[in-house]
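# Here is the input, now give the coordinates:
(one chain, ligands or ions: 1)
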Amino acid sequence: RSADYQTGSVSWSSPLRVAVTDDLRGVVTTFALDLKTAVGWDVAFVEAGTGGDLEIALDPALGPEEYRVVVDDVTVVTAGSPAGASYALTVLRQLGAVELWSPTRSTLERCEIARVVIDDGPVFPWRGVHLDVARHFFDVASVCRLIDLLAAHRLNTLHLHLNDDQGWRVEIPGWPRLTDVGAWRRSSPVGHEDAAMDDNTPHGGYFTADDLVHLREHAARRFVRIVPEIDLPGHAQAVIAAYPELGNVDEPLEVWTRWGISEHVLNVGAEALAFAEEVVRYVAGLFPESPVHIGGDECPTSEWERSPLAEHVMVEQGFGDARQLQRLFTHRLSAALRDEGHEVVAWDEVLDARVDPGTVICAWRSSSKGVEAARRGLDVVMAPMQFLYFDWLNSVEPGEPTAQAPVPYATTWQKVYGFSVVPPGLESELHHHVRGAQAQLWTEYISTRDHLDYMAFPRVTVFSEVVWGTPTTLEDVRPRLEVQLDRLAIMGVRFRTLDPEA
Ligand code: ACM
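Numbers count the residues shown, from 1 in each chain. Take a look at the predicted model:
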């Protein structure tokens with residue numbers, strides 16, 4: 001928020017002498033491991049007031065994610081929480097040499113850090129990236145690496161989309177076919193879905209509970225919270241391929257091999273509702289501190305409209321419209337999660353029916369869905385596809401790899417930088433409902449780590465400033481962005497290079 005540069009710099013070298021209080025020892029340990037990995041430096045713990053390089057302590061007067069850095073002969077970091085301290089250490093690494101970001105041992109004898117006083121903190125508490133591991137599976141190592149990259153941008157939320165028509169990605173006790181059958185598909189589209197070509201190559205994979213706990217713990221060390229999503233009752237073809245009795249049709253289904261929205265949804269019987277609750281409770285249990293996302297987007301009602309069971313339930317419930325059936329799931333899952341102390345998050349389609357109070361809405365169809373949610377008294381995470389779907393083209397230039405939306409739709413980093421987290425038209429007294437925003441990485445057209453990098457960066461980089469709440473102008477951010485891309489390059493990130501300045 002403010003950076004006041006003084007003249008001169010201080011010089012750091014190994015061993016870096018750090019004084020830290022017990023409550024921040026974990027943060028400094030992570031920092032020390034990073035330094036060791038990057039440049040082989042050691043951190044020596046010393047007593048405060050004995051002339052070390054760095055002293056770091058909590059200051060309860062600061063807000064939860066706020067921090068202050070005073071670079072001086074003894075650099076002093078104070079923070080409102082361990083997360084704030086971690087952001088301060090990230091900034092100190094940024095003020096130092098680019099080698100401090102190397103993932104393999106670089107040589108660095110010493111580095112100069114400009115004397116500066118920084119007071120900073122985020123405007124928005126929900127600063128996220130979403131990753132779809134259902135359309136293409138990304139393994140534990142790839143997700144850990146993405147978490148590290150989010151942390152390097154002081155983003156604090158990773159929303160993991162764990163199931164879809166094309167794959168189920170988490171092992172569930174008592175439901176072995178979800179992963180034996182539902183985690184594998186026979187074929188995937190080649191090129192754009194509209195080309196209707198198949199690769200006839202199996203794809204799949206899934207996380208065990210241990211994998212998810214590992215991800216959670218890795219993320220926690222970097223102050224990133226994982227928000228798991230189980231998306232039901234739509235996007236359920238992989239579930240129904242595994243357990244046909246949870247669906248609406250007699251014919252056998254396979255895990256879907258096309259992109260798009262499958263018509264095959266869970267049926268509205270007692271068994272399917274109980275299944276959804278059991279699965280969501282189980283996954284939520286692996287993330288005890290997290291909000292849990294219950295999906296709820298794009299649920300076609302065509303099968304319900306033809307189903308005698310659904311008709312019976314509609315009469316029983318007094319529903320006049322099959323759309324209302326989705327609320328049976330939303331309400332049941334919300335109640336189960338609240339019962340376990342979780343906040344509930346859902347895509348904005350749930351606004352089409354009555355919504356349980358306290359539900360956090362992910363506004364994806366447009367920013368106006370965020371306005372609608374806030375006016376209905378609900379908190380909202382902004383994720384509008386027009387700005388924050390990073391599976392869309394990076395530019396309209398020829399040569400961009402196949403992406404979800406064709407030309408003329410493109411989301412340049414410049415467009416992302418112009419995104420307003422607070423949706424236009426929202427009354428100022430409702431701004432407090434805006435928790436923040438997240439960038440979406442849907443993976444129909446992203447099947448490798450390199451391609452994920454290309455779609456994520458530099459858009460995630462500029463997004464991180466937007467959602468921190470401190471964007472400036474395109475002219476001002478560009479040199480800052482170029483320096484950050486140097487860091488990403490040393491980290492091995494295969495970002496999309498910037499076009500020359502117009
Ligand atoms: C979505 O893009 N279906 C949330």
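# Around the ligand, pick out the residues from the stretch 351-500 of the chain.
Trp364 (CB under 6 Å from any ligand atom). Glycine gets a C-beta too; all of them are placed from N, C-alpha and C.
# Apart from its chain neighbours, what residue comes closest to the residue in the stretch 351-500 of the chain positioned nearest to the ligand?
Ranked by CB to the nearest ligand atom, the top residue of the stretch 351-500 of the chain for proximity to the ligand is Trp364, at 4.4 Å. In space, and not counting its chain neighbours, Trp364 is closest to Ala383: 4.7 Å by CB to CB, 6 or more residues apart in numbering.
# contacting residues for the residue of the chain found nearest the ligand?
The ligand sits closest to Asp297 of the chain, with a gap of 3.8 Å, by CB to the nearest ligand atom. By CB atoms under 8 Å, 6 or more residues apart in numbering, the contact set of Asp297 is 231, 234-235, 347-349, 364.
# contacting residues around Phe419?
Applying CB under 8 Å, 6+ apart, we find Phe419 in contact with 387-388, 437, 463, 466.
# Ignore what I typed, I meant Trp168.
Trp168 makes contact with 134, 162, 178-179, 182-183, 206, 238-239, 242, 255 under the criterion CB under 8 Å, 6+ apart.
# re the thing from before, list the contacts of the residue nearest to Trp364.
Contacts of Ala383 (CB under 8 Å, 6+ apart): 130, 362-364, 389, 437-440.
# redo that, cut-off 7 Å
Counting by CB atoms under 7 Å, 6 or more residues apart in numbering, Ala383 touches 362-364, 437-438, 440.
# can you give me the helices for the stretch 401-502 of the chain?
With helices called from DSSP state H, counting those that start in this stretch, the stretch 401-502 of the chain shows them at 413-417, 449-456, 459-468, 474-490.
# In CSV, list these along with mean neighbour count and mean pLDDT.
Compiled in CSV, those are given as follows (neighbours: other CB atoms under 10 Å; pLDDT from 0 to 100):
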stretch, mean neighbour count, mean pLDDT
helix 413-417, 20, 98
helix 449-456, 20, 98
helix 459-468, 25, 98
helix 474-490, 15, 97
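# can you put the ones you listed in JSON lines and add distance to Gly40?
JSON lines is the format used below for the helices of the stretch 401-502 of the chain (distance: least, CB to CB, whole Å):
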{"stretch": "helix 413-417", "distance to Gly40": "34"}
{"stretch": "helix 449-456", "distance to Gly40": "26"}
{"stretch": "helix 459-468", "distance to Gly40": "27"}
{"stretch": "helix 474-490", "distance to Gly40": "15"}
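# Which stretch among the ones you listed approaches Ser13 most closely?
helix 474-490 (19.3 Å; CB to CB).
# Between helix 459-468 and the closest one, find me the angle.
Interaxial angle, helix 474-490 versus helix 459-468 (axes from the mean of the first three to the mean of the last three CA atoms, to 10 degrees): 130 degrees.
# pull the CA atoms of helix 474-490 into CSV?
Listed next in CSV are the C-alpha coordinates belonging to helix 474-490 (Å, rounded to 0.1, in the frame of the first residue of the first chain):
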residue,chain,number,x,y,z
LEU,A,474,-0.8,-0.6,-17.5
GLU,A,475,2.2,1.7,-18.1
ASP,A,476,3.2,1.5,-14.4
VAL,A,477,2.7,-2.2,-14.0
ARG,A,478,4.6,-3.3,-17.1
PRO,A,479,8.1,-2.9,-15.8
ARG,A,480,7.1,-4.6,-12.5
LEU,A,481,5.5,-7.4,-14.4
GLU,A,482,8.7,-7.9,-16.5
VAL,A,483,10.8,-8.2,-13.3
GLN,A,484,8.3,-10.8,-11.9
LEU,A,485,8.5,-12.7,-15.2
ASP,A,486,12.3,-12.9,-14.7
ARG,A,487,11.6,-14.5,-11.3
LEU,A,488,9.1,-16.9,-12.9
ALA,A,489,11.6,-17.8,-15.6
ILE,A,490,14.2,-18.8,-13.0
